[in-house]
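Visitor: Requesting a structural model of the entry that follows:
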Amino acid sequence: MIRSTGTNGLIAFGSPPDRPRGDLHYNRYVKELSARIRHAQDYARENMQAATRRQRRSYHQEKKLFVVGAKVWLFTPVTKRHDSRKLTLFWSGPWNILEKVNDLSYRIIPAVEMESGKPETTVSIDRLKAYHTGTYIDEPAISKV
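Guide: Residues are numbered from 1 along each chain as shown. Next comes the predicted model:
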């Protein structure tokens with residue numbers, strides 16, 4: 001069986017439409033096509049702007065507020081070489097809030113318990129989580145017998 005180079009195109013796209021004579025038909029087609037493309041771009045632009053507004057509203061809706069001096073955990077997604085990501089603890093701390101830089105970032109410093117030589121750091125609130133001590137109400141009390 002001998003195939004021409006256009007056979008694959010015919011299978012994928014079908015046969016081309018009949019071509020009427022004269023440039024009037026092609027000019028109209030080009031104008032209609034450009035109008036459809038413009039309409040599709042406007043539609044996509046409006047939907048993208050609406051999606052951006054929704055995402056911003058959702059992002060800023062759940063602001064975390066920390067007071068100066070509070071202890072926090074810091075999310076640091078770094079693994080050491082040859083360590084399993086699955087078993088790595090990504091939260092380091094405790095850290096103390098030193099000051100609020102703006103609504104979305106804080107300057108932190110390692111807490112005394114951490115005994116680290118790390119310098120103060122400015123981080124986004126996305127990387128911070130409130131630090132709680134290990135005392136829980138549901139934890140059974142240990143009694144001496």
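Visitor: Residue 100 in helix, strand or coil?
Guide: What DSSP: H, G, I helix; E, B strand; the rest coil gives for residue 100 is strand.
Visitor: so what pLDDT did the nearest residue to it once chain neighbours are set aside get?
Guide: Excluding the flanking residues, the one nearest residue 100 by C-beta to C-beta, 6 or more residues apart in numbering is residue 106, at 5.6 Å. Placement of C-beta: from N, CA and C, glycine included. Note for residue 106: predicted pLDDT of 93.
Visitor: Kindly report the same for the one 3 residues further on.
Guide: Turning to residue 109, the model gives it a pLDDT of 92.
Visitor: How about residue 93?
Guide: pLDDT, read off for residue 93, is 81.
Visitor: secondary structure element for it?
Guide: According to DSSP states H and E, residue 93 maps onto strand 91-102.
Visitor: quick check: mean pLDDT across the longest helix seen in the chain?
Guide: Ranked by residue count under DSSP state H, the longest helix found in the chain is helix 23-61. Mean per-residue pLDDT for helix 23-61: 85.
Visitor: Quick one: name whatever helix or strand follows it.
Guide: Sequence-wise, the next helix or strand downstream of helix 23-61 (DSSP H and E) is strand 71-75.
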